[in-house]
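What would the 3D arrangement of this be:
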Amino acid sequence: MAFKAKTEGAVKVATIPAKSPQESRAMKFLAACTLVPILCFAFQDLGSEYGGMDWLTYGYVAWPMMIAPVLMLILFFRNGELIRNPHVGANFSQTIKIVAVMYLFWNIIGAIGYSWLAVISVLACLAILVADWQLKKRTGT
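Numbers count the residues shown, from 1 in each chain. The predicted structure follows:
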């Protein structure tokens, strides 16, 4: 006996749907800024330990980790309307704060252990957190 499921008109959603097309684009860019350094870390760890690839240094992980918060800061300021208007971008505001705190932690470690240039990333993360708070405070939400 064969089983057939009707899928006409059904929309399969794996994540929380974006409230606007602008939020959808911003969330995709934020996802890329979040996942690329994590994938670089996984590839560096597996490749250097098990693959014998000595060219995979810690810089292979550190630089994407330091560049991502700067890209997120640019994304944040380009999409300020999503922060000011919670009806349009509530998911973006919450997600970028969570990711900024995550990068803040790892870039503080990077500034201490790898390169002082990670201070720029730390400042970018702090700017996202403070600017989000200030924008919400100004709009009264």
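
in this structure, which spans are helices?
Secondary structure of the chain (DSSP state H): helices located at 21-49, 59-78, 80-84, 86-113, 118-139.

a markdown table for those, including mean pLDDT and mean neighbour count?
Using the backbone N, CA and C atoms, a C-beta is placed for each residue, glycine as well. Below are the helices of the chain laid out as a markdown table (pLDDT from 0 to 100; neighbours: other Cβ atoms under 10 Å):
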| stretch | mean pLDDT | mean neighbour count |
| --- | --- | --- |
| helix 21-49 | 84 | 15 |
| helix 59-78 | 90 | 19 |
| helix 80-84 | 84 | 19 |
| helix 86-113 | 88 | 17 |
| helix 118-139 | 89 | 16 |
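
is it true that Val122 touches Asn107?
Yes. Under the criterion of Cβ atoms under 8 Å, Val122 makes contact with Asn107 at 4.8 Å.

What separation is there between Leu117 and Gly110?
Going from Leu117 to Gly110 by Cβ to Cβ, to the nearest Å gives 9 Å.

Okay, the residue minimising distance to the centre of the chain and Arg84: tell me how far apart.
The centroid of the chain falls nearest to Thr34 when counting by Cα atoms, centre = their mean (3.6 Å). Applying Cβ to Cβ, the value for Thr34 to Arg84 is 23 Å.

Check Val70 too.
Val70 sits at a distance of 22 Å from Arg84 (criterion: Cβ to Cβ).

No further queries at this time; thank you.
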